[in-house]
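Asker: Okay, sequence plus prediction incoming.
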Amino acid sequence: MKKMWRGKVFQDMLWNCASTTTIQEFNHAMEELRKVNNDCYEWVKAIPPQHWSRAHFIGRAHCDGLLNNLCETINNQIKKARDQPIITCLEYIREYLMLRIVSVQKVIDKAVGPLTPTATSVLEKNKSNAAQCVGKFCGNGKYQVSGPWMDQCVVDMAQHTCSCRKWELTGIPCKHALNVGVPEEWVHATYWLKTWKEMYSFKIEPINGRRMWEKFPCPTTLLPPNHHVPIGRPRKKRRKSAVELEDMVKGGRASRRDKSLGHNKRSYKGQSARDTSSSKKGKVGNKAKSVGDEREGWKKGQSAGHGSSSKKRNVGKKAQSVGGGRQSGTQSACDGISSRTRKAGKKGKSIA
Ligand SMILES: [Zn+2]
(Lines give C-alpha, C1' and ligand atoms only; values in the text may rest on other atoms or scores of the structure.)
Protein backbone atom coordinates (compact mmCIF):
# COMPACT_ATOMS: atom_id res chain seq x y z
CA MET A 1 0.00 0.00 0.00
CA LYS A 2 2.85 2.35 0.88
CA LYS A 3 4.14 2.02 -2.65
CA MET A 4 0.85 2.99 -4.31
CA TRP A 5 -0.73 5.38 -1.81
CA ARG A 6 1.75 7.33 0.24
CA GLY A 7 1.34 10.16 2.68
CA LYS A 8 0.15 10.72 6.23
CA VAL A 9 -3.53 10.88 5.23
CA PHE A 10 -3.56 7.30 3.95
CA GLN A 11 -1.39 6.13 6.82
CA ASP A 12 -3.73 7.60 9.43
CA MET A 13 -6.83 6.26 7.70
CA LEU A 14 -5.41 2.75 7.52
CA TRP A 15 -4.42 2.86 11.18
CA ASN A 16 -7.91 4.05 12.01
CA CYS A 17 -9.40 1.06 10.17
CA ALA A 18 -6.98 -1.37 11.84
CA SER A 19 -7.23 -0.11 15.41
CA THR A 20 -11.00 0.25 15.84
CA THR A 21 -12.46 -2.33 18.20
CA THR A 22 -16.05 -2.70 16.93
CA ILE A 23 -17.42 -3.75 13.54
CA GLN A 24 -19.54 -0.59 13.31
CA GLU A 25 -16.52 1.68 13.85
CA PHE A 26 -14.52 -0.37 11.36
CA ASN A 27 -17.21 0.02 8.68
CA HIS A 28 -17.34 3.74 9.37
CA ALA A 29 -13.54 4.08 9.02
CA MET A 30 -13.60 2.08 5.77
CA GLU A 31 -16.33 4.35 4.43
CA GLU A 32 -14.13 7.38 5.19
CA LEU A 33 -11.31 5.75 3.24
CA ARG A 34 -13.62 5.06 0.30
CA LYS A 35 -14.54 8.73 0.14
CA VAL A 36 -10.89 9.72 -0.11
CA ASN A 37 -9.73 7.08 -2.60
CA ASN A 38 -11.88 4.29 -4.00
CA ASP A 39 -8.94 2.29 -5.44
CA CYS A 40 -7.22 2.25 -2.08
CA TYR A 41 -10.48 1.18 -0.42
CA GLU A 42 -10.92 -1.72 -2.86
CA TRP A 43 -7.30 -2.79 -2.33
CA VAL A 44 -7.67 -2.80 1.47
CA LYS A 45 -11.09 -4.47 1.34
CA ALA A 46 -9.66 -7.42 -0.63
CA ILE A 47 -7.49 -8.41 2.38
CA PRO A 48 -9.44 -10.52 4.91
CA PRO A 49 -10.01 -8.19 7.91
CA GLN A 50 -9.50 -10.95 10.50
CA HIS A 51 -5.78 -10.76 9.63
CA TRP A 52 -5.28 -7.05 10.27
CA SER A 53 -8.35 -5.40 11.85
CA ARG A 54 -8.64 -5.44 15.64
CA ALA A 55 -12.43 -5.26 15.38
CA HIS A 56 -12.43 -8.73 13.77
CA PHE A 57 -10.07 -10.38 16.28
CA ILE A 58 -11.71 -12.96 18.53
CA GLY A 59 -9.92 -11.82 21.71
CA ARG A 60 -8.32 -15.14 22.59
CA ALA A 61 -4.79 -13.67 22.58
CA HIS A 62 -5.52 -10.85 25.11
CA CYS A 63 -2.96 -8.74 23.30
CA ASP A 64 -3.16 -5.16 22.12
CA GLY A 65 -0.40 -5.45 19.53
CA LEU A 66 -1.00 -4.94 15.81
CA LEU A 67 2.59 -4.91 14.57
CA ASN A 68 5.11 -7.64 13.90
CA ASN A 69 7.66 -6.09 16.28
CA LEU A 70 8.07 -9.41 18.04
CA CYS A 71 9.66 -11.16 15.05
CA GLU A 72 11.66 -8.03 14.22
CA THR A 73 13.16 -8.20 17.72
CA ILE A 74 14.04 -11.89 17.34
CA ASN A 75 15.59 -11.26 13.92
CA ASN A 76 17.67 -8.44 15.35
CA GLN A 77 18.89 -10.53 18.28
CA ILE A 78 19.99 -13.53 16.22
CA LYS A 79 21.71 -11.39 13.56
CA LYS A 80 25.19 -12.50 14.65
CA ALA A 81 24.19 -16.17 14.72
CA ARG A 82 22.21 -16.44 11.48
CA ASP A 83 25.13 -17.12 9.15
CA GLN A 84 26.95 -19.46 11.56
CA PRO A 85 26.91 -23.29 11.39
CA ILE A 86 23.85 -24.82 13.00
CA ILE A 87 25.46 -25.88 16.31
CA THR A 88 27.09 -22.47 16.79
CA CYS A 89 23.81 -20.76 15.90
CA LEU A 90 21.83 -22.85 18.40
CA GLU A 91 24.48 -22.30 21.07
CA TYR A 92 24.22 -18.53 20.53
CA ILE A 93 20.42 -18.64 20.90
CA ARG A 94 20.67 -20.86 23.99
CA GLU A 95 23.13 -18.49 25.63
CA TYR A 96 21.03 -15.45 24.72
CA LEU A 97 17.90 -17.01 26.24
CA MET A 98 19.83 -18.05 29.34
CA LEU A 99 20.92 -14.44 29.95
CA ARG A 100 17.56 -12.98 28.93
CA ILE A 101 15.67 -15.07 31.49
CA VAL A 102 18.03 -13.87 34.23
CA SER A 103 17.61 -10.19 33.26
CA VAL A 104 13.79 -10.52 33.20
CA GLN A 105 13.94 -12.27 36.55
CA LYS A 106 15.68 -9.19 37.99
CA VAL A 107 12.78 -6.99 36.79
CA ILE A 108 10.25 -9.46 38.25
CA ASP A 109 12.03 -9.37 41.61
CA LYS A 110 11.76 -5.58 41.71
CA ALA A 111 8.04 -5.50 40.67
CA VAL A 112 5.53 -4.78 43.43
CA GLY A 113 2.35 -6.31 41.98
CA PRO A 114 -0.28 -7.62 42.07
CA LEU A 115 -0.22 -6.88 38.29
CA THR A 116 2.80 -6.60 36.00
CA PRO A 117 4.26 -3.04 35.73
CA THR A 118 2.88 -2.52 32.17
CA ALA A 119 -0.59 -3.78 33.09
CA THR A 120 -0.59 -1.54 36.17
CA SER A 121 0.18 1.56 34.09
CA VAL A 122 -2.56 0.68 31.52
CA LEU A 123 -5.09 0.11 34.30
CA GLU A 124 -4.17 3.39 35.98
CA LYS A 125 -4.67 5.24 32.70
CA ASN A 126 -8.07 3.59 32.21
CA LYS A 127 -9.04 4.52 35.78
CA SER A 128 -8.23 8.19 35.19
CA ASN A 129 -10.32 8.15 31.98
CA ALA A 130 -13.17 6.36 33.80
CA ALA A 131 -13.71 9.47 35.92
CA GLN A 132 -15.07 11.26 32.84
CA CYS A 133 -17.78 8.62 32.24
CA VAL A 134 -21.26 8.36 33.71
CA GLY A 135 -22.76 4.93 34.44
CA LYS A 136 -26.40 4.01 34.96
CA PHE A 137 -27.52 0.69 36.46
CA CYS A 138 -30.19 -1.06 34.35
CA GLY A 139 -30.72 -4.29 36.31
CA ASN A 140 -29.61 -7.84 35.40
CA GLY A 141 -26.02 -6.86 36.20
CA LYS A 142 -25.88 -4.44 33.26
CA TYR A 143 -24.87 -0.79 33.12
CA GLN A 144 -25.23 1.89 30.47
CA VAL A 145 -22.06 4.01 30.50
CA SER A 146 -21.68 7.28 28.61
CA GLY A 147 -18.31 8.80 27.85
CA PRO A 148 -17.31 12.38 26.95
CA TRP A 149 -16.79 11.58 23.23
CA MET A 150 -20.38 10.54 22.45
CA ASP A 151 -19.43 6.95 23.28
CA GLN A 152 -22.17 5.01 25.02
CA CYS A 153 -21.56 1.39 25.90
CA VAL A 154 -23.21 -1.49 27.78
CA VAL A 155 -21.18 -3.16 30.53
CA ASP A 156 -22.24 -6.70 31.45
CA MET A 157 -20.89 -7.58 34.88
CA ALA A 158 -22.03 -11.20 34.61
CA GLN A 159 -20.31 -11.85 31.27
CA HIS A 160 -17.28 -9.61 32.01
CA THR A 161 -17.76 -7.71 28.76
CA CYS A 162 -18.22 -4.17 27.48
CA SER A 163 -19.77 -3.40 24.09
CA CYS A 164 -16.66 -1.37 23.14
CA ARG A 165 -14.85 -4.79 23.15
CA LYS A 166 -11.62 -3.38 24.60
CA TRP A 167 -12.02 -5.43 27.78
CA GLU A 168 -12.65 -8.56 25.75
CA LEU A 169 -9.72 -7.97 23.36
CA THR A 170 -7.05 -6.93 25.84
CA GLY A 171 -8.13 -8.67 29.04
CA ILE A 172 -7.86 -5.37 30.97
CA PRO A 173 -11.16 -3.65 31.93
CA CYS A 174 -11.89 -0.56 29.84
CA LYS A 175 -12.80 2.88 31.26
CA HIS A 176 -16.54 2.08 31.01
CA ALA A 177 -16.15 -1.06 33.10
CA LEU A 178 -13.93 0.64 35.65
CA ASN A 179 -16.48 3.45 35.98
CA VAL A 180 -19.10 1.04 37.33
CA GLY A 181 -16.72 -0.46 39.85
CA VAL A 182 -15.09 -3.49 38.23
CA PRO A 183 -12.43 -4.65 40.70
CA GLU A 184 -8.75 -5.03 39.86
CA GLU A 185 -9.03 -8.79 40.40
CA TRP A 186 -11.04 -9.05 37.19
CA VAL A 187 -8.00 -8.29 35.06
CA HIS A 188 -7.13 -11.43 33.07
CA ALA A 189 -4.67 -13.85 34.69
CA THR A 190 -2.17 -13.15 31.85
CA TYR A 191 -1.31 -9.80 33.44
CA TRP A 192 -0.78 -11.01 37.00
CA LEU A 193 2.69 -10.85 38.48
CA LYS A 194 2.12 -14.37 39.78
CA THR A 195 1.69 -15.66 36.20
CA TRP A 196 4.77 -13.79 35.03
CA LYS A 197 6.81 -15.36 37.82
CA GLU A 198 5.57 -18.82 36.86
CA MET A 199 6.53 -18.22 33.23
CA TYR A 200 10.11 -17.36 34.16
CA SER A 201 10.48 -19.93 36.92
CA PHE A 202 12.25 -22.31 34.50
CA LYS A 203 15.91 -21.54 33.84
CA ILE A 204 18.25 -22.70 31.11
CA GLU A 205 21.09 -24.62 32.66
CA PRO A 206 24.69 -23.72 31.74
CA ILE A 207 26.66 -26.38 29.87
CA ASN A 208 30.32 -27.32 29.48
CA GLY A 209 32.38 -26.37 26.44
CA ARG A 210 32.71 -28.51 23.31
CA ARG A 211 35.86 -30.23 24.50
CA MET A 212 33.93 -31.79 27.35
CA TRP A 213 31.03 -33.01 25.24
CA GLU A 214 30.54 -36.75 24.96
CA LYS A 215 31.02 -38.37 21.60
CA PHE A 216 27.88 -39.53 19.91
CA PRO A 217 27.78 -43.36 19.81
CA CYS A 218 26.37 -43.51 16.26
CA PRO A 219 28.98 -45.26 14.04
CA THR A 220 27.94 -43.42 10.86
CA THR A 221 29.99 -40.38 10.02
CA LEU A 222 27.75 -37.58 8.92
CA LEU A 223 29.30 -35.62 6.11
CA PRO A 224 28.19 -32.11 5.30
CA PRO A 225 26.33 -31.68 2.01
CA ASN A 226 28.15 -30.37 -1.05
CA HIS A 227 28.20 -26.64 -0.83
CA HIS A 228 28.97 -24.27 -3.62
CA VAL A 229 30.68 -21.11 -2.40
CA PRO A 230 29.37 -18.14 -4.40
CA ILE A 231 31.87 -15.69 -5.87
CA GLY A 232 32.57 -12.51 -3.93
CA ARG A 233 32.28 -11.45 -0.34
CA PRO A 234 29.13 -12.73 1.42
CA ARG A 235 26.49 -10.07 1.97
CA LYS A 236 26.03 -9.00 5.58
CA LYS A 237 23.59 -6.14 5.31
CA ARG A 238 19.86 -6.71 5.09
CA ARG A 239 18.43 -6.29 1.62
CA LYS A 240 16.23 -3.23 1.54
CA SER A 241 12.77 -3.41 0.02
CA ALA A 242 11.85 -1.42 -3.09
CA VAL A 243 9.86 1.02 -0.93
CA GLU A 244 12.79 1.71 1.39
CA LEU A 245 15.12 2.30 -1.54
CA GLU A 246 12.61 4.68 -3.11
CA ASP A 247 12.27 6.54 0.20
CA MET A 248 16.01 7.04 0.33
CA VAL A 249 16.02 8.69 -3.08
CA LYS A 250 12.81 10.68 -2.76
CA GLY A 251 13.06 11.53 0.91
CA GLY A 252 15.03 14.70 0.20
CA ARG A 253 18.18 13.33 1.74
CA ALA A 254 21.16 15.41 0.78
CA SER A 255 23.56 13.57 -1.44
CA ARG A 256 27.10 13.23 -0.20
CA ARG A 257 28.41 15.34 -3.05
CA ASP A 258 26.10 18.33 -2.53
CA LYS A 259 25.87 18.24 1.27
CA SER A 260 28.45 20.98 1.73
CA LEU A 261 26.41 23.27 -0.56
CA GLY A 262 23.16 22.65 1.33
CA HIS A 263 21.43 21.06 -1.66
CA ASN A 264 19.55 17.86 -1.97
CA LYS A 265 18.79 15.61 -4.92
CA ARG A 266 15.15 16.67 -5.21
CA SER A 267 15.64 20.43 -5.32
CA TYR A 268 18.89 20.51 -7.28
CA LYS A 269 18.37 18.22 -10.20
CA GLY A 270 19.52 20.06 -13.32
CA GLN A 271 22.45 21.93 -11.97
CA SER A 272 23.72 19.10 -9.83
CA ALA A 273 23.78 16.85 -12.90
CA ARG A 274 25.83 19.46 -14.81
CA ASP A 275 28.11 20.08 -11.86
CA THR A 276 28.43 16.41 -11.26
CA SER A 277 29.58 15.76 -14.80
CA SER A 278 32.10 18.63 -14.68
CA SER A 279 33.32 17.69 -11.23
CA LYS A 280 33.60 14.10 -12.36
CA LYS A 281 35.68 15.17 -15.34
CA GLY A 282 37.83 17.32 -13.08
CA LYS A 283 38.28 14.51 -10.67
CA VAL A 284 39.18 12.07 -13.41
CA GLY A 285 41.68 14.61 -14.81
CA ASN A 286 43.25 15.09 -11.40
CA LYS A 287 43.30 11.41 -10.82
CA ALA A 288 44.98 10.80 -14.18
CA LYS A 289 47.52 13.49 -13.36
CA SER A 290 48.22 12.01 -9.98
CA VAL A 291 48.52 8.56 -11.52
CA GLY A 292 50.96 10.00 -14.08
CA ASP A 293 52.95 11.61 -11.28
CA GLU A 294 52.93 8.43 -9.39
CA ARG A 295 54.20 6.55 -12.39
CA GLU A 296 56.94 9.13 -12.92
CA GLY A 297 57.79 9.06 -9.25
CA TRP A 298 57.85 5.32 -9.34
CA LYS A 299 60.27 5.40 -12.25
CA LYS A 300 62.47 7.92 -10.43
CA GLY A 301 62.27 5.83 -7.32
CA GLN A 302 63.28 2.79 -9.29
CA SER A 303 66.24 4.58 -10.82
CA ALA A 304 67.19 5.90 -7.37
CA GLY A 305 66.84 2.41 -6.07
CA HIS A 306 69.18 1.18 -8.76
CA GLY A 307 71.57 3.94 -7.85
CA SER A 308 71.54 2.92 -4.25
CA SER A 309 72.07 -0.69 -5.15
CA SER A 310 75.00 0.20 -7.40
CA LYS A 311 76.39 2.38 -4.60
CA LYS A 312 75.86 -0.50 -2.24
CA ARG A 313 77.75 -2.80 -4.55
CA ASN A 314 80.64 -0.32 -4.82
CA VAL A 315 80.76 0.16 -1.10
CA GLY A 316 80.61 -3.56 -0.69
CA LYS A 317 83.73 -3.86 -2.79
CA LYS A 318 85.36 -1.14 -0.73
CA ALA A 319 84.43 -2.95 2.44
CA GLN A 320 85.88 -6.13 1.04
CA SER A 321 89.12 -4.39 0.32
CA VAL A 322 89.13 -2.90 3.81
CA GLY A 323 88.25 -6.33 5.21
CA GLY A 324 91.91 -7.28 5.18
CA GLY A 325 92.54 -4.68 7.96
CA ARG A 326 91.60 -4.61 11.62
CA GLN A 327 88.30 -5.82 12.98
CA SER A 328 87.26 -2.32 14.08
CA GLY A 329 87.96 -0.95 10.62
CA THR A 330 85.74 -3.60 9.12
CA GLN A 331 83.07 -2.67 11.58
CA SER A 332 83.27 1.02 10.72
CA ALA A 333 83.24 0.19 7.02
CA CYS A 334 80.18 -1.96 7.52
CA ASP A 335 78.52 0.88 9.42
CA GLY A 336 79.32 3.11 6.51
CA ILE A 337 77.65 0.68 4.14
CA SER A 338 74.54 0.35 6.21
CA SER A 339 74.18 4.11 6.70
CA ARG A 340 74.70 4.78 3.02
CA THR A 341 72.30 2.04 2.09
CA ARG A 342 69.72 3.47 4.44
CA LYS A 343 70.20 6.94 2.96
CA ALA A 344 69.82 5.61 -0.56
CA GLY A 345 66.77 3.73 0.52
CA LYS A 346 65.26 6.85 2.05
CA LYS A 347 65.95 8.81 -1.09
CA GLY A 348 64.28 6.17 -3.15
CA LYS A 349 61.30 6.20 -0.80
CA SER A 350 60.90 9.97 -0.81
CA ILE A 351 60.98 10.10 -4.58
CA ALA A 352 58.60 7.21 -4.88
ZN1 LIG B 1 -15.81 -0.27 27.19
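Answerer: Sure, I can see it. Residues are numbered from 1 along each chain as shown.
Asker: And the spatially most central residue of the chain, which helix or strand is it part of?
Answerer: Per Cα atoms, centre = their mean, the C-alpha nearest to the average position across the chain is that of residue 76, at 5.7 Å. Using DSSP states H and E, residue 76 maps to helix 69-77.
Asker: quick one: average confidence on that helix?
Answerer: Averaging pLDDT along helix 69-77 yields 86.
Asker: Number of residues surrounding residue 160?
Answerer: Residue 160 has 15 neighbours, counted by other Cβ atoms under 10 Å. Any C-beta I mention is one placed from the backbone N, CA and C, and that applies to glycine too.
Asker: Show me what whichever helix or strand comes after the helix holding residue 76 is packed against.
Answerer: Moving toward the C-terminus from helix 69-77, the next helix or strand (DSSP H and E) is helix 86-110. Where contact means 3 or more Cβ pairs under 8 Å, 6 or more residues apart in numbering; DSSP states H and E, helix 86-110 is packed against helix 193-199.
Asker: quick one: contacts of the helix it packs on?
Answerer: Applying Cβ atoms under 8 Å, 6 or more residues apart in numbering, the contact partners of helix 193-199 are 108, 111, 113, 114, 115, 116, 189.
Asker: Put the buried members of those into a ChimeraX selection.
Answerer: In ChimeraX, this line selects whichever of the contacts of helix 193-199 come out buried by 16 or more other Cβ atoms under 10 Å:
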select :108,115,116
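Asker: pLDDT and secondary structure for the contacts of helix 193-199 - can I get that in CSV?
Answerer: Formatted as CSV, these follow (pLDDT from 0 to 100; DSSP: H, G, I helix; E, B strand; the rest coil):
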residue, pLDDT, secondary structure
108, 95, helix
111, 94, coil
113, 78, coil
114, 92, coil
115, 94, strand
116, 94, coil
189, 93, helix
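Asker: For residue 96, see how far away the residue nearest to the centre of the chain is.
Answerer: Going from residue 76 to residue 96 by Cβ to Cβ, to the nearest Å gives 11 Å.
Asker: cool, residue 67 as well?
Answerer: From residue 67 to residue 96 the distance is 22 Å (Cβ to Cβ).
Asker: how about residue 119, what does it touch?
Answerer: Neighbours of residue 119 in contact, by Cβ under 8 Å, 6+ apart: 172, 187, 191.
Asker: rerun that using 6 Å as the cut-off
Answerer: residue 191 (Cβ atoms under 6 Å, 6 or more residues apart in numbering).
Asker: for the one 10 residues further on, same thing?
Answerer: Neighbour list for residue 129: residue 175 [criterion: Cβ under 6 Å, 6+ apart].
Asker: Mind telling me what element it is part of?
Answerer: Counting by DSSP H and E, residue 129 is found in helix 117-130.
Asker: tell me what the following helix or strand past that helix is packed against?
Answerer: Scanning forward in sequence from helix 117-130 by DSSP H and E, the next helix or strand is strand 134-139. Contacts defined by 3 or more Cβ pairs under 6 Å, 6 or more residues apart in numbering; DSSP states H and E place strand 134-139 against strand 142-146.
Asker: Which strands or helices does the strand it packs on pack on?
Answerer: strand 134-139, strand 152-156.
Asker: out of the ones you listed, deepest packed?
Answerer: Neighbour counts (mean count of other Cβ atoms under 10 Å) averaged over each of the helices and strands packed on strand 142-146 peak at strand 152-156, with a mean of 19.
Asker: Pull up the residues of the stretch 51-200 of the chain that are close to the ion.
Answerer: 153, 162, 164, 174, 176 (Cβ under 5 Å from the ion).
Asker: tell me the phi and psi of residue 206?
Answerer: According to degrees, to the nearest 10, the main-chain angles of residue 206 amount to phi -70, psi 150.
Asker: picking that back up, tell me the angle of the helix holding residue 129 relative to helix 86-110?
Answerer: With axes from the mean of the first three to the mean of the last three Cα atoms, to 10 degrees applied, the angle from helix 117-130 to helix 86-110 works out at 50 degrees.
Asker: Quick one: find the helix or strand in this structure with the lowest mean pLDDT.
Answerer: helix 327-351 (a mean of 41; mean pLDDT, DSSP states H and E).
Asker: re the thing from before, can I get the helices and strands packed on strand 142-146 in JSON lines with mean pLDDT?
Answerer: Shown next, in JSON lines, are those (pLDDT from 0 to 100):
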{"stretch": "strand 134-139", "mean pLDDT": "92"}
{"stretch": "strand 152-156", "mean pLDDT": "93"}
